[in-house]
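Asker: kindly generate the corresponding structure for this input.
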Amino acid sequence: MAIQTEGLKISILASGSSGNVTYIESDKKKLLVDCGLSGKKATALLSQIGRTPEDLDGILVTHEHRDHVHGVGVLARKYNLDIYANEKTWSAMSPIIGNIKMEQKHLFEMGRTMTIGDIDIQSFGVSHDAIAPQFYSFHKDNKSFVMLTDTGYVSDRMRGVVANADAYLFESNHDLDMLRMGRYPWSLKQRILGDKGHLSNEDGALALCDVIGDNTKRIYLGHLSKDNNMKAIAHDTVDSILREKGKGVGESFTLFDTDPDEPSLLFSI
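Answerer: Predicted coordinates:
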């Protein structure tokens, strides 16, 4: 008889401007959120946490950008996985991910809550230059894990949805000085800095100050730009701002880094 465990097990398999994929497991379901890497790379990352693509039940998609959907079609076809996305995202990503059987396609509309197996998943819209970007909050056994990257700002509505989670994957995309002084053309810099771009280290930290609560134990800094950020800079900036605002870094919760090529250790909430 299988041993039942409470809560969720999670690994940030890859996070960054080059590709994003997160693994979430319960007693009944094993899911990915996005797969912005090749199927081969995703398989290798899963193997590092003792899992295989054959274990998976489905993939939830946040939006159609390639660093989030590059390997979705390949994995879905090879392993007969269900894919969940809203209608506009389906339309936008279909030319990128290729043909998917109708029985594998599922609509997960923005602002809705869907139960997949024993996991309640709430979707919420973000502000990004995709057709209908949405991220997810995962709930099981009074525990919650929130994913929030790829947004230019965090609205009051978003704050209400994601408040007081047990664990977060939260955007810390760029260091403002590195971006402003870097090699990107001005038009791209404007896009990143805009309301439909990405959160800077500072803006991510300030938003975290508003949403972390007594339940919060783990914060993972995600979607770091390869060209406009560094782990040490992101970590130190967020740590400094959280401490300045009286948040208990290292006491009530721990701040973790993520990597574009190495998975985080599988953790439980």
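Asker: which ones are touching Asp175?
Answerer: Residues near Asp175 by Cβ atoms under 8 Å, 6 or more residues apart in numbering: 200-201, 228-230, 233-234, 237. Where you see a C-beta, it was placed from the backbone N, CA and C, and this is true even at glycine.
Asker: are any of those residues buried, and which?
Answerer: By neighbour count, with 16 or more other Cβ atoms under 10 Å, the contacts of Asp175 hold 200-201, 228-229, 233-234, 237 as buried.
Asker: surely Met110 and Gln134 touch.
Answerer: Yes - checked against Cβ atoms under 8 Å, the pair Met110 and Gln134 is within contact range at 4.7 Å.
Asker: which of these two has more residues huddled nearby?
Answerer: Taking neighbours as other Cβ atoms under 10 Å, Met110 and Gln134 compare with Gln134 leading, 25 against 16.
Asker: helices along the stretch 151-269 of the chain, start to end?
Answerer: Along the stretch 151-269 of the chain, counting by DSSP state H, counting those that start in this stretch, helices occupy 156-162, 176-181, 186-193, 201-211, 231-244.
Asker: how far off helix 201-211 does the longest one point, in degrees?
Answerer: Angular relation of helix 231-244 and helix 201-211 on a 0 to 180 degree scale: 40 degrees, by axes from the mean of the first three to the mean of the last three Cα atoms, to 10 degrees.
Asker: so for helix 231-244, mean pLDDT?
Answerer: What helix 231-244 shows for mean pLDDT is 98.
Asker: tell me which residues touch Val72, please.
Answerer: Val72 makes contacts with 34-35, 59, 61, 83, 93, 97, as judged by Cβ under 8 Å, 6+ apart.
Asker: what about 7 Å?
Answerer: Each residue near Val72 by Cβ atoms under 7 Å, 6 or more residues apart in numbering is listed here: 35, 59, 61, 83, 97.
Asker: try Glu54
Answerer: Contacts of Glu54 by Cβ under 7 Å, 6+ apart are Tyr79.
Asker: how near is the residue nearest to Ile59 when sequence neighbours are not counted to Leu206?
Answerer: In space, and not counting its chain neighbours, Ile59 is closest to Leu32: 4.6 Å by Cβ to Cβ, 6 or more residues apart in numbering. Counting by Cβ to Cβ, to the nearest Å, the gap from Leu32 to Leu206 is 30 Å.
Asker: of the two, who's got more company?
Answerer: Neighbours were counted for Leu32 and for Leu206 using other Cβ under 10 Å; Leu32 has more, 24 against 16.
Asker: doesn't that one lie inside a strand?
Answerer: Yes - counting by DSSP: H, G, I helix; E, B strand; the rest coil, Leu32 is part of a strand.
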